[in-house]
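S.K.: Provided below for reference: sequence and predicted model.
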Amino acid sequence: MAEVRQRYAGGMAGKTLAAEPRFAGDGSQVRRNSHIVHAVGKGDPQVYAGRAGPPRFRVGDAVTVRELPVLFYTRTPEYVRGATGHVAVVAYESPAPEDETWDHPDATPEWFYVVSFAMAELWHGHTGAAADTLRTEIPERWLEPAG
Amino acid sequence: MADHQGHDHDHDRTVKPMVDEITDFEVLEIALRELCIEKGIFTAEEHRRFTEFAEQIGPAPAARLVARAWLDPGFKALAIAEPLTASREVGVDWLEPTGFGTPSDFTAFQILVDTPTVHHVIVCALCSCYPRPILGNSPEWYRTPNYRRRLVRYPRQVLSEFGLYLPEDIEVRVQDSNQKNRFMVMPMRPDGTDDWTEDQLTEIVTRDCLIGVALPRVGVTANVVVDTRPAMHPSGE
Amino acid sequence: MMTADTHVVALHEIVARNQVWPRMAAKYGVENPVPPWKTSLDGLCDALDHAACGAGVPTFQDRRDEEDVLAATVYSELPYPESQLVALAHSLLSRGIISEGELVQRLSVIRARLEG
């Protein structure tokens, strides 16, 4: 921002607020996120495209969110566990976040789905409008066919 | 006339106020940064690149994308089918600044198109993920547990706190962006904007409209002011 | 695991001195709603998130979860983004990535350099 540069230039006798670490090194010691090799020019999750095999579910399929034991890390919201909705979008392939946090270079990608739920299905005593819905993204391992 | 304007411009520049004190927070930020660089966690160059990214992002490209889509059905179709391509047309490359995107924004961008029967609103209940490359930094209220916990549970109540009331026959569709997809809303074009230029339309597409907590209106070019403090606690806490 | 009970003296003193942006901006008549170090803090957070895990560095989720807890408890008097910055410092300290001793020393070295 122009104001930032101006503030640094004039406000303190021209001294820059740049960091002055005692040694900056050449970066060769910094452990690199493995993406730098594979994902440049493609992006994440595009880098994983084609690696998950065929998706198990299609748009329109009725699905129920499984009640999996959660030992460590997950991004599947608690409020959808056990709920039934339908697949709105077959979104992308990626390692599930349950695996990805360990930075496994060989973590197997799976399909991610945008699943649509009726708000009335998610919340007991839902008094809001009957048509209201919620969508969220769920990896394949968390889904099973409904019914 | 030109000289007078030139004099005023110079006058403004020399007396523009600055905070002429070094605050503890400025010092703390530098200290954390220096120590992390020394410990080899990242390099000064990496920090510089990410800081430059933070300095140039803002909501203008997203607003322009919506305005252009309102005027050009072909561009609207592109925005739906190829949102990354449409982003580039308004100057945003989701692969920046690393060549594969930022560590928290990823490159799976989708545009949620409002219809006469569906209104979208966006949240990240887990941690406040947000489409920074095209929309800039998230507002403080978006990051609060107050918003994140309640929008997925009581969306219409939360929207009413922003002054947005929707009829019951419109579906309110909450999008919880909990994984790698990032979203923005394409609201419907309001009445009273016939013959408007792209620039005029861009002005009324505020950041709040792009999140879904407001609707674009003629004459409204500012975001809603929401009091984010104190955070709400359930009774008994 | 980090708890919000951990009391970090150096950070507590910074909070107490209260050089927060709403005060500073009002004092000097600056209209910018965001302090000038905010973008550098954003760069710092992105650089941390970009770093390989396994160095003990908090992940994006760790960092945000801790920021939420700390901003609601220990640092609830701080506005945003001061709360984000101080919560990050607290997270790095509690993980032992930096020590309170070296932080205190570095703060005074930097202040002396900038004011000198």
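M.R.: Received, thanks. Numbering: from 1, shown residues only, chains lettered A, B, ... in the order given.

S.K.: note down every partner strand of the helix or strand hosting residue A:115 and its orientation.
M.R.: Per DSSP states H and E: residue A:115 is located in strand A:109-118. Paired with strand A:109-118 in the same sheet, following DSSP bridges, are strand A:84-95 (antiparallel), strand A:133-139 (antiparallel).

S.K.: which residues are contacting the last one?
M.R.: I take that to be strand A:133-139. For strand A:133-139, contacts defined as CB atoms under 8 Å, 6 or more residues apart in numbering or on different chains pick out A:65, A:76-77, A:80, A:88, A:91, A:94, A:96-98, A:110-119, A:122, B:152, B:171-181. C-beta coordinates here come from the backbone N, C-alpha and C atoms, glycine included.

S.K.: got any ranges where the chain has weak pLDDT?
M.R.: No chain was given, so I picked chain A. Along chain A, the parts satisfying pLDDT under 70 run over A:1-19, A:22-36, A:101-105.

S.K.: switch to chain C, that's the one I care about
M.R.: For chain C, the ranges with pLDDT under 70 are C:1-6, C:52-55.

S.K.: mind listing the helices for chain C?
M.R.: Applying DSSP state H to chain C gives helices spanning C:9-17, C:21-28, C:38-50, C:60-72, C:82-94, C:100-115.

S.K.: Serialize the ones you listed to CSV and add fields for mean neighbour count and distance to chain B.
M.R.: Formatted as CSV, those follow (neighbours: other CB atoms under 10 Å in any protein chain shown; distance: least, CB to the nearest CB, whole Å):
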stretch, mean neighbour count, distance to chain B
helix C:9-17, 15, 4
helix C:21-28, 14, 5
helix C:38-50, 24, 3
helix C:60-72, 20, 4
helix C:82-94, 23, 6
helix C:100-115, 15, 4
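
S.K.: just put these in JSON lines and tack on distance to residue B:96.
M.R.: Putting the helices of chain C into JSON lines (distance: least, CB to CB, whole Å) gives the following:
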{"stretch": "helix C:9-17", "distance to residue B:96": "33"}
{"stretch": "helix C:21-28", "distance to residue B:96": "28"}
{"stretch": "helix C:38-50", "distance to residue B:96": "12"}
{"stretch": "helix C:60-72", "distance to residue B:96": "18"}
{"stretch": "helix C:82-94", "distance to residue B:96": "23"}
{"stretch": "helix C:100-115", "distance to residue B:96": "30"}
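
S.K.: let me see the domain layout of chain B.
M.R.: Following automatic domain parsing, one gets these domains for chain B: B:24-56, B:59-211.

S.K.: give me the buried positions along the helix or strand just after the strand holding residue A:115.
M.R.: Counting by DSSP H and E, the next helix or strand C-terminal to strand A:109-118 is helix A:119-122. Using 16 or more other CB atoms under 10 Å in any protein chain shown as the test for burial, helix A:119-122 gives A:119-120, A:122.

S.K.: from those residues, which single one is nearest chain C?
M.R.: Using CB to the nearest CB, residue A:122 comes nearest to chain C of the buried residues of helix A:119-122, at 22.4 Å.

S.K.: return the residues in contact with that closest one.
M.R.: So, once contact is read as CB under 8 Å, 6+ apart, residue A:122 ends up touching A:79-80, A:83, A:134.

S.K.: wait, what's in contact with the nearest residue to residue C:85 once chain neighbours are set aside?
M.R.: Ranked by CB to CB, 6 or more residues apart in numbering or on different chains and with sequence neighbours excluded, the top spatial neighbour of residue C:85 is residue C:41, at 5.4 Å. Applying CB under 8 Å, 6+ apart, we find residue C:41 in contact with B:29, C:81, C:84-85, C:88.

S.K.: kindly report the same for residue C:70.
M.R.: Counted by CB under 8 Å, 6+ apart, residue C:70 has contacts C:4, C:83, C:86-87, C:90-91.

S.K.: ok, now with 10 Å
M.R.: C:2, C:4, C:6, C:11, C:76, C:78, C:83-84, C:86-91, C:94 (CB atoms under 10 Å, 6 or more residues apart in numbering or on different chains).

S.K.: in space, what's closest to it - neighbours in sequence excluded?
M.R.: residue C:87 (4.1 Å).

S.K.: spit out the contact partners of the one you found.
M.R.: Applying CB under 10 Å, 6+ apart to residue C:87 gives the contacts C:4, C:11, C:63-64, C:66-72, C:74-75, C:78, C:81.
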